[in-house]
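In: below: sequence and its predicted model.
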Amino acid sequence: MEVLRPGTFLDDSFYSTGSIKLHEMAKAVVPCRTHLSVIDMRRFSPGKPGGGGIGHAIGLDAVAKARPSEEWVFDSSRSNVVEHAARVVAGAAGYDGCLEIEAEDHGIRHLGLGSTSALMTAVAVAVNHVLGKPLESRDLRYIIGRNFIEDHPDGVIPGFETGVGPAAGLYGGFVIMSDGLGIAHRAPLPDDLSVVMAVIAGDPDRHSGEDEVELLMNRARDLDDRDAQRKTHIMLMDLVPAMESMDLDGMTEAIESIQSLGSKVAEIEHHADPQGIRDLSKRMRDAGAKLVGMSSVGPSVTGVVPVVDAAAFERMMTESDIVDRVITAPVNNTGYKVEVE
């Protein structure tokens, strides 16, 4: 796969921008996401966003600060990702000056919890606000999705993107994405819920890079050739009505069905103990967790539970032999927060 310089436009679409008015500083705090399923893996590839997907925002945050500067400066443990996001957003806005960017993700990488997506979104929001908001949030979603990348030691490489992460990061709540980064439906979740995330023991490198590309471009696509229409029917006819009435049981049943179809089967079976992942998900549902599923290529399994029950779920989940650790965070229904000076 071609290695690119950070800031290389994968898609240089034109965006209608407002005027640029520089501020001294903008700080953005952006939630991450769980990505419970792609809808049709045949519809996207590295550098080509789409495919649709479902997921929700989690209050596990990436943070970015942006300031005008005499030269470009990037202060981050993931400087290539940060530089790429900053340059493409500033370029799309028509800004020809320089910025100083300080940014970090939530620190849980290559485990299905959207660290790259949240980091890119945080940088995008901070850059847009320090420039005086010349771009709309819809523009930011498209810029990130169309120019989504992953880390590489020598730069960046085109990545897979359905748009779930930026939509969750910007707006919060539970989202269904259609092809081409469109938002098909969004609904807030009850605020009295916590997200419990079981990180499955294993090698994180198996869930990113060339291994991920091989998985998603081959068996996952073959299985969606068989099941994508069925998944789409479940989402439209079962999941959307359940979201409309905030029927968490109905949403949970729809997600459980989708987790046993198409590309999700390939993602789960990519791991050393797929039956262990299925068994853990079932134990979580049986104990009362909702919206349970493995996120992205994983190997994190997430669910939502009442805040008052979160500690008990943590204890139960850590009893599983396949669980490395359990993380708890609130649901997020508002998306990003930003401070501007």
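Out: Okay, I see it.
In: export the host helix or strand of Ala28 as PDB, just CAs?
Out: For Ala28, the host element (DSSP states H and E) is strand 26-38. Backbone C-alpha positions of strand 26-38 (Å, rounded to 0.1, in the frame of the first residue of the first chain) are rendered in PDB as follows:
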ATOM      1  CA  ALA A  26      -9.300  26.500  20.200                       C
ATOM      2  CA  LYS A  27      -9.500  23.300  22.300                       C
ATOM      3  CA  ALA A  28     -11.700  20.400  21.200                       C
ATOM      4  CA  VAL A  29     -12.700  17.400  23.300                       C
ATOM      5  CA  VAL A  30     -14.200  14.600  21.100                       C
ATOM      6  CA  PRO A  31     -15.800  11.300  22.200                       C
ATOM      7  CA  CYS A  32     -14.800   8.000  20.500                       C
ATOM      8  CA  ARG A  33     -17.200   5.400  19.200                       C
ATOM      9  CA  THR A  34     -18.000   1.700  19.200                       C
ATOM     10  CA  HIS A  35     -18.600   0.400  15.600                       C
ATOM     11  CA  LEU A  36     -21.000  -2.500  15.900                       C
ATOM     12  CA  SER A  37     -21.100  -3.400  12.200                       C
ATOM     13  CA  VAL A  38     -20.400  -2.300   8.700                       C
END
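In: centroid-nearest residue for this structure?
Out: What sits nearest the mean C-alpha location of the chain, by CA atoms, centre = their mean, is Gly165, with 2.9 Å.
In: ok, that one to Pro68 distance?
Out: Noted for Gly165: a distance of 27 Å to Pro68, by CB to CB, to the nearest Å. Where you see a C-beta, it was placed from the backbone N, CA and C, and this is true even at glycine.
In: what's the answer for Gly94, then?
Out: Going from Gly94 to Pro68 by CB to CB gives 15 Å.
In: one more: Leu170?
Out: In terms of CB to CB, Leu170 sits 23 Å off from Pro68.
In: Met197 contacts Ile327, correct?
Out: Yes - using CB atoms under 8 Å, Met197 is in contact with Ile327, at 4.5 Å.
In: look at these two and report which has more neighbours.
Out: Counting neighbours by other CB atoms under 10 Å for Met197 and for Ile327 shows that Met197 has the greater number, 25 against 18.
In: can you confirm the more buried one is in a helix?
Out: No - Met197: not assigned to a helix; according to DSSP: H, G, I helix; E, B strand; the rest coil it is strand.
In: and the helices in the stretch 101-250 of the chain?
Out: 115-130, 137-146, 164-171, 209-217, 219-234, 240-244, 248-258 (DSSP state H, counting those that start in this stretch).
In: helices or strands next to the third one in the packing?
Out: Think helix 164-171. For helix 164-171, the elements it packs on are strand 26-38, strand 53-69, helix 115-130, helix 137-146, strand 174-177, strand 183-187, judged by 3 or more CB pairs under 8 Å, 6 or more residues apart in numbering; DSSP states H and E.
In: which residue of this structure sits farthest from its center?
Out: Distance to the chain centre peaks in the chain at Glu70, reaching 32.6 Å (criterion: CA atoms, centre = their mean).
In: shouldn't it be in contact with Glu100?
Out: No - contact criterion CB under 8 Å: Glu70 and Glu100 do not qualify, at 9.0 Å.
In: show the average pLDDT along the strand holding Ala28.
Out: The average pLDDT within strand 26-38 is 97.
In: swap in stretch 267-278?
Out: The predicted model gives stretch 267-278 an average pLDDT of 91.
In: got the CA coordinates for that stretch in CSV?
Out: C-alpha atoms of stretch 267-278 as CSV (Å, rounded to 0.1, in the frame of the first residue of the first chain):
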residue,chain,number,x,y,z
GLU,A,267,-14.2,-10.0,12.0
ILE,A,268,-15.1,-12.1,15.0
GLU,A,269,-13.5,-15.3,13.5
HIS,A,270,-10.3,-13.3,12.8
HIS,A,271,-9.5,-13.7,16.5
ALA,A,272,-7.9,-16.6,18.3
ASP,A,273,-11.1,-17.5,20.3
PRO,A,274,-14.2,-16.4,18.4
GLN,A,275,-16.4,-18.6,20.4
GLY,A,276,-15.1,-16.9,23.6
ILE,A,277,-16.1,-13.6,22.1
ARG,A,278,-19.6,-14.9,21.4
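In: return the set of buried residues in it.
Out: Glu267, Ile268, His270, His271, Asp273, Pro274, Gly276, Ile277, Arg278 (16 or more other CB atoms under 10 Å).
In: JSON lines please, covering those residues and showing secondary structure and distance to Val63.
Out: Below are the buried residues of stretch 267-278 laid out as JSON lines (DSSP: H, G, I helix; E, B strand; the rest coil; distance: CB to CB, whole Å):
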{"residue": "Glu267", "secondary structure": "helix", "distance to Val63": "29"}
{"residue": "Ile268", "secondary structure": "helix", "distance to Val63": "32"}
{"residue": "His270", "secondary structure": "coil", "distance to Val63": "31"}
{"residue": "His271", "secondary structure": "coil", "distance to Val63": "30"}
{"residue": "Asp273", "secondary structure": "coil", "distance to Val63": "34"}
{"residue": "Pro274", "secondary structure": "helix", "distance to Val63": "35"}
{"residue": "Gly276", "secondary structure": "helix", "distance to Val63": "34"}
{"residue": "Ile277", "secondary structure": "helix", "distance to Val63": "31"}
{"residue": "Arg278", "secondary structure": "helix", "distance to Val63": "35"}
